[in-house]
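In: Fold the following for me, if possible:
(one chain, ligands or ions: 1)
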Amino acid sequence: MTPNQPAGKVVIFEDKEKVSAFGNAIKQFDRASKILNLTPNQVALSKEPRKIMEAMLPVRMDDGRIETFRAFRVQHSIARGPAKGGVRFHPDVNLDEVKALAFWMTYKCAVVGIPMGGAKGGVVVDPRKLSIGELERLSRRYFAEMISLFGPDRDVPAPDVNTNPQIMAWFMDTYSMHYGDYIPAVVTGKPLALGGSQGRNTATAQGMVYVVRQAAKHLNWDLPNRSVAIQGFGNAGSFAALLLSKIGCRIKAISDIDGAFHNDSGIDPEKAIEFVRLNGSLKDFHLTGHAEKIDNPLELLELPVDILIPAALENQITHENAARVKARLIAECANGPCTPEADDILDSNGVVVVPDILCNAGGVTVSYLEWVQNRMGYYWKEKRVQKDLKEIMDNSFWAVVDIARQYNVNMRTAAFIVGIKRVIEASELRGLYA
Ligand code: NAD
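Out: All right, here's what the predicted structure looks like:
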């Protein structure tokens, strides 16, 4: 913000033509903040991140060269508790995207009542091009370079796109070695052997399944035999396929970065997961005879299915393709897959969108349960974790539906209304608005 800019006005776009994930996040916020009649100061303090760190990470490659990687950590808010959010390793990650992802984390934690704030991190890298040793050195360097930001009461990272429990273990070890203590609560999504939680691996997809079951009740649907298309087949997407097929849904299409695959009578997720385990991705999955290849992978989003699950990246459903979406229910496992312009089109076509800040909150919910267990030093069985996760997701779903009815808005705006109210209440109690 420039010094002369009035409070409440935040400049987002340098280039108006560019699709800005943070710009989209702000548009979503604005729809709710207008309804809530927020003051300009409340708006200004709720939008921009509190802290941004950017670094160039030098890493020794296996051939002796030093390569540098651009890296970010953005803390959007600590009003309701320590900052919380994953770290993404991706060649296209940028500050605008990380700001948006951190912003969504703040309101996601608030929607499901997790006492944490919002953050996100990113490293500009294609991890598929690194050896395991290079990946470890990069991960440790990231954590070491940003170490002043992190801590169990400060900022607690977790996995996101292209990061996993092994990388969380390296993060945790780097931090613990620095302070000389065993400090598992600094990171979540760790392996079970290092203080991870039962149920964390499947948590994002399981949380989505809990809310989709409630959404089906809301829509008077029977879930068994409903058809599903899923974009993205990593942690969120592959478990989404597996868990939905276990409750009787038919997975008609799946995709990842290497292609999209379709079978009208249903794809067996276990076969696809095994294929990815053996081959590293879905590339050539059609050669197994279990599905046909879709030439244009984006066509997956337009297939005639009941439920569409974006579980890859942002800005997949836009003003260009939203009108061709045939699904009646979109469950956003990914963050930011639908643009605000797409939302308008989907709304007018009667498509129900369960928004990311509710739908994929199972991941951060079990991360929070992991953090609680680490701090107690006492670990729960899977049953206890699932009980808490289900209760939190079910209650959050109906709280959002109630607000949507009360204000006559879609579920995204309703979720923001719930989240914004909670963040602002905490900020005001702390005195940020004095
Ligand atoms: P992941 O790295 O495990 O998997 C990402 C998947 O998306 C991979 O299969 C990749 O090949 C695929 N992909 C990438 N680009 C694609 C494209 N253009 N078209 C189709 N597929 C593509 O990541 P993840 O953890 O499953 O995260 C996926 C989404 O879910 C992200 O938006 C992430 O922020 C969100 N999310 C993840 C968690 C979590 O706990 N992992 C929690 C909440 C939200």
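In: Report the closest residue of this protein relative to the ligand.
Out: Of all residues in the chain, the one sitting closest to the ligand is G234 (1.8 Å; CB to the nearest ligand atom). To be clear about C-beta, it is placed using only N, CA and C from the backbone, and glycine gets the same treatment.
In: The ligand contacts on this protein?
Out: Proximity of the chain to the ligand is confined to 159-162, 204, 231-237, 255-257, 297, 311-313, 333-335, 360, 363 under the rule CB under 6 Å from any ligand atom.
In: longest strand of the protein?
Out: Criterion DSSP state E: the longest strand present in the chain is strand 66-77.
In: Which residues does the helix or strand that that one is followed by contact?
Out: Per DSSP states H and E, strand 66-77 leads on to strand 83-90 as the next helix or strand towards the C-terminus. Strand 83-90 is contacted by residues 73, 75-77, 98, 101-102, 105, 109, 114, 116-127, 142, 154-163, 167, 171, 189, 363-364, 367-368 when judged by CB atoms under 8 Å, 6 or more residues apart in numbering.
In: Strand 83-90: how far from the chain's middle?
Out: Centroid displacement of strand 83-90 relative to its chain, using CA atoms, centre = their mean, to the nearest Å, is 9 Å.
In: The helix or strand following that strand: which residues count as buried?
Out: Once strand 83-90 ends, the next helix or strand along the chain (criterion: DSSP H and E) is helix 95-111. Across helix 95-111, burial judged by 16 or more other CB atoms under 10 Å covers 96-111.
In: Which elements pack onto the helix or strand that I392 is a member of?
Out: Taking DSSP H and E as the criterion, the element that holds I392 is helix 382-407. Contact here means 3 or more CB pairs under 8 Å, 6 or more residues apart in numbering; DSSP states H and E; on that basis helix 382-407 packs against helix 203-218, helix 356-359, helix 362-376, helix 411-430.
In: how about the ones you listed in a markdown table, adding mean pLDDT?
Out: Output for the helices and strands packed on helix 382-407, formatted as a markdown table (pLDDT from 0 to 100):
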| stretch | mean pLDDT |
| --- | --- |
| helix 203-218 | 98 |
| helix 356-359 | 98 |
| helix 362-376 | 98 |
| helix 411-430 | 96 |
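In: shaky segments in the chain?
Out: Scanning the chain with the threshold set as pLDDT under 70 gives 1-18, 432-434.
In: I'd like to know which elements the one helix or strand N24 maps to is packed against.
Out: For N24, the element it lies in under DSSP H and E is helix 21-36. Judged by 3+ CB pairs under 8 Å, 6+ apart, the packing partners of helix 21-36 are helix 40-47, helix 95-111, helix 340-348, helix 411-430.
In: looking at those, which is closest to D222?
Out: Closest to D222 of the helices and strands packed on helix 21-36 is helix 411-430 (CB to CB; 21.0 Å).
In: Name the residues of the closest one that are buried.
Out: Within helix 411-430, the residues that qualify as buried are 411-420, 422-424, 426-427, counting by 16+ other CB under 10 Å.
In: who's in contact with the residue nearest to A241 when sequence neighbours are not counted?
Out: If the residues on either side of it in the chain are set aside, A241 comes closest to P269, at 3.8 Å by CB to CB, 6 or more residues apart in numbering. Applying CB under 8 Å, 6+ apart, one finds that P269 lies in contact with 238, 241-242, 245, 251, 254.
In: can you check K421 too?
Out: Residues counted as contacts of K421 (CB under 8 Å, 6+ apart) are L36.
In: re the thing from before, now do the helix holding N24 against helix 95-111: the angle between them, please.
Out: With axes from the mean of the first three to the mean of the last three CA atoms, to 10 degrees defining the directions, helix 21-36 sits at 40 degrees from helix 95-111.
In: Going by neighbour count, which residues of helix 21-36 are buried?
Out: Residues of helix 21-36 classed as buried under the neighbour-count rule (16+ other CB under 10 Å) are 21-26, 28-33, 35.
In: which of those residues lies closest to V211?
Out: Each of the buried residues of helix 21-36 was checked against V211 using CB to CB; the closest is Q28, at 18.2 Å.
In: ok, that closest one - contacts?
Out: With CB under 8 Å, 6+ apart as the criterion, the residues that contact Q28 are 340, 412-413, 416.
In: For A361, see how far away the spatially closest residue to M393 that is not a sequence neighbour is.
Out: Nearest in space to M393, with sequence neighbours left out and distances taken as CB to CB, 6+ apart, is Y210 at 3.9 Å. Distance, Y210 to A361, using CB to CB, to the nearest Å: 10 Å.
In: And for E274?
Out: Using CB to CB, one obtains 29 Å as the distance from E274 to A361.
In: more neighbours, these two?
Out: Residue environment comparison for E274 versus A361 gives the larger neighbour count to A361, 31 against 12, counting by other CB atoms under 10 Å.
In: What are the phi and psi values at the more buried one?
Out: When quoted as degrees, to the nearest 10, the phi and psi of A361 stand at phi -70, psi -10.
In: start the count at 169, not 1, going forward
Out: Noted, 169 is the first residue going forward, which turns the last one into A529.
In: Identify the residues contacting it.
Out: A529 sits next to 276-277, 279-280, 282, 375, 560-561, 564 when contact means CB under 8 Å, 6+ apart.
In: if we go to 6 Å?
Out: Listed by CB atoms under 6 Å, 6 or more residues apart in numbering, the contact partners of A529 are 276, 280, 375.
In: Can you tell me the closest non-neighbouring residue to it?
Out: The nearest residue in space to A529 (CB to CB, 6+ apart) is V280, at 4.4 Å.
In: Likewise for G405?
Out: Using CB to CB, 6+ apart and skipping the chain neighbours, the partner closest in space to G405 is A479 (3.4 Å).
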